[in-house]
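Participant: okay, structure incoming, though there's no sequence with it:
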């Protein structure tokens, strides 16, 4: 491993971009082309392949053979946190930028991040923002259902901070102990919380945009959120997502028990209450995103008809992921944790 290159905050031109990948043959080429064609190209792109079984590594090797400043580290089985940590250890620069596979950076993404540490402000961490790729009606509704809307900050309108658009000093990563290595997801949330608790100077910018490909259908959404749900519990974040959902459904179950005394004809009432609850949550999502996705009433009615089943799918995934955690982590009834994680 090479010694890190020193770089002052006033320059910040020597940046290593770190990327964890696994089975990303459909997206890694676009990502690498986007990084190599930045208005301020990175000094190097360091990629850890966490055990791809498709052509991901071969595609990356094509870029290396063409002389691109790309470094590939292959791991047999590595979760995202470990993959990021390995890539940082193999990187050379003082400033580390983080992005993920399946993400497309704007042409000035890296320059916009670097600008925030080039004005003598002694900033330690910069978070950019992200936008979901809306190329179908389903993705439009999915974004409304679960992508947090932007809010006003000192850096303009930004979405909640994310590791997929971030730049920081190497020292920040070292001081907080790197990323947790035992999680398939939510490791970035824990890492960013450690950074916040360590009181590093953080800046935001709305100019550093990356574009995120969200799941295009119900099946992909369900499978992705099952993984999120299980790892959310493993990360100790149950109360921040599944907790509220469990309360909703506990209330519905309680109402169903009370209706037992009213006879069989009242059994449809819990179903109606469930649909009303989903509809209310869908309407709240529409209202929360009205500035991001403005539309006429007719289109919002169409959105509402798709938002309801999308939110129901997210709820089902929350329960399925929680049940998976019980079987795989709490009671260890289905294989080893490492084997299960490697297959997700």
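Facilitator: All right, it came through fine. Predicted model, so just to flag it, every value in this text is computed and none were measured.
Participant: in the longest helix seen in the chain, what counts as buried?
Facilitator: Secondary structure of the chain per DSSP state H: the longest helix is helix 297-325. Using 16 or more other C-beta atoms under 10 Å as the test for burial, helix 297-325 gives 300, 303-304, 306-308, 310-318, 320-322, 324-325. Every C-beta, even on glycine, is put in place using the N, C-alpha and C of the backbone.
Participant: which residues are in contact with stretch 208-218?
Facilitator: Contacts to stretch 208-218, defined as C-beta atoms under 8 Å, 6 or more residues apart in numbering, come from residues 27, 99, 102-106, 108-110, 112-113, 126, 128-133, 136, 138-139, 142-143, 147, 164-165, 167, 221, 224, 309-310, 313.
Participant: that one - what's its average pLDDT?
Facilitator: For stretch 208-218, mean pLDDT rounds to 96.
Participant: same thing with stretch 185-193?
Facilitator: Here the average pLDDT along stretch 185-193 is 97.
Participant: with stretch 105-122 instead?
Facilitator: Averaging pLDDT along stretch 105-122 yields 89.
Participant: cool, and stretch 27-36?
Facilitator: On average, stretch 27-36 scores 97.
Participant: so how far is it from its chain's centroid?
Facilitator: Counting by C-alpha atoms, centre = their mean, to the nearest Å, stretch 27-36 is centred 18 Å from the centre of its parent chain.
Participant: give the buried residues for that stretch.
Facilitator: Within stretch 27-36, the residues scored as buried using 16+ other C-beta under 10 Å are 27-32, 34-36.
Participant: how many other residues sit next to residue 289?
Facilitator: By other C-beta atoms under 10 Å, the residues close to residue 289 number 20.
Participant: residues contacting it?
Facilitator: Residues near residue 289 by C-beta under 8 Å, 6+ apart: 143-144, 149.
Participant: who touches residue 169 in this structure?
Facilitator: For residue 169, the contacting residues are 94-96, 124-125, by C-beta under 8 Å, 6+ apart.
Participant: between the residues you listed, which has the most around it?
Facilitator: Neighbour max across the contacts of residue 169 (other C-beta under 10 Å) = residue 95, 27 neighbours.
Participant: so for that residue, what's the nearest residue that isn't a sequence neighbour?
Facilitator: Nearest in space to residue 95, with sequence neighbours left out and distances taken as C-beta to C-beta, 6 or more residues apart in numbering, is residue 15 at 4.7 Å.
Participant: measure the one you found to residue 213 for me?
Facilitator: Using C-beta to C-beta, to the nearest Å, one gets 24 Å for the distance from residue 15 to residue 213.
Participant: who has more neighbours, the two?
Facilitator: The neighbour comparison of residue 15 against residue 213 (other C-beta under 10 Å) goes to residue 15, with 27 against 16.
Participant: helix, strand or coil for residue 47?
Facilitator: Using DSSP: H, G, I helix; E, B strand; the rest coil, the structure places residue 47 in strand.
Participant: I'd say it and residue 24 touch.
Facilitator: No - Residue 47 is beyond contact range of residue 24, at 9.7 Å (criterion: C-beta atoms under 8 Å).
Participant: what about these two, which has more around it?
Facilitator: Higher neighbour count among residue 47 and residue 24: residue 47, with 29 against 25, using other C-beta under 10 Å.
Participant: not counting sequence-adjacent ones, nearest residue to that one?
Facilitator: Nearest to residue 47 is residue 19, by C-beta to C-beta, 6+ apart, at 4.7 Å.
Participant: quick one, phi psi at the one you found?
Facilitator: With angles defined as degrees, to the nearest 10, residue 19 sits at phi -140, psi 120.
Participant: please apply the same query to the one 4 residues further on.
Facilitator: The main-chain torsion angles of residue 23 are listed as degrees, to the nearest 10 and equal phi 50, psi 60.
Participant: quick one: it and residue 293, what's the gap?
Facilitator: In this view, residue 23 and residue 293 are 31 Å apart by C-beta to C-beta.
Participant: how close does the residue in the chain sticking out farthest from the centre get to residue 272?
Facilitator: Distance from the C-alpha centroid of the chain, by C-alpha atoms, centre = their mean, peaks at residue 263 (46.5 Å). Distance, residue 263 to residue 272, using C-beta to C-beta: 16 Å.
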